[in-house]
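1. no sequence on this one, just coordinates:
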């Protein structure tokens, strides 16, 4: 896993690369139609993998002290889609995430003999704290994606 960060004058961004076991077509489907298989709370996803289509889903976490369930809504729309190669979407979350800022997530899928090289670029963070939180989270999220989709076929 490789991570990079950028603190240019415009906004904060990050890049994460990971060698995935799943094929590009399986990962493309996971990012455009199957979020509830690897990331989102089942039953919370409203998503159609089409450009300019809005999506919504929630993730759920429990607090350590009292097991209170916390819901984390995610909103966005697909900006660019290239079958089995590229997914680009806006990404909006609340406190602890993008703080309401519309950011952009770009997923590039490159076939490799043993799976897929996935490159994720997330840009437009409102501040360093938001970027750093996502820099910590994305490797874990991609690990979950790899575990859940590794045995899938298109």
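-> On my side now, so go ahead. On a predicted model such as this, the values are computed, not experimentally measured, just so you know.
2. Report the rounded mean pLDDT for the top strand by length along the chain.
-> Once the chain is assigned using DSSP state E, the strand that runs over the most residues is strand 69-82. Throughout strand 69-82, pLDDT has a mean value of 95.
3. One more: stretch 93-104?
-> 92.
4. okay, how far is it across it, tip to tip?
-> 12 Å (CA to CA, to the nearest Å).
5. if we can go back for a sec, chain center to the longest strand of the chain, what's the gap?
-> Counting by CA atoms, centre = their mean, to the nearest Å, strand 69-82 is centred 8 Å from the centre of its parent chain.
6. Likewise for stretch 141-152?
-> In this view, stretch 141-152 has its centroid 12 Å away from the chain centroid, taken as CA atoms, centre = their mean.
7. picking that back up, mind listing residues that contact the longest strand of the chain?
-> Residues external to strand 69-82 that are found in contact with it (CB atoms under 8 Å, 6 or more residues apart in numbering): 32, 40-41, 49-63, 86-94, 96-97, 102, 104-105. Bear in mind the C-beta positions are built from the backbone N, C-alpha and C, glycine included.
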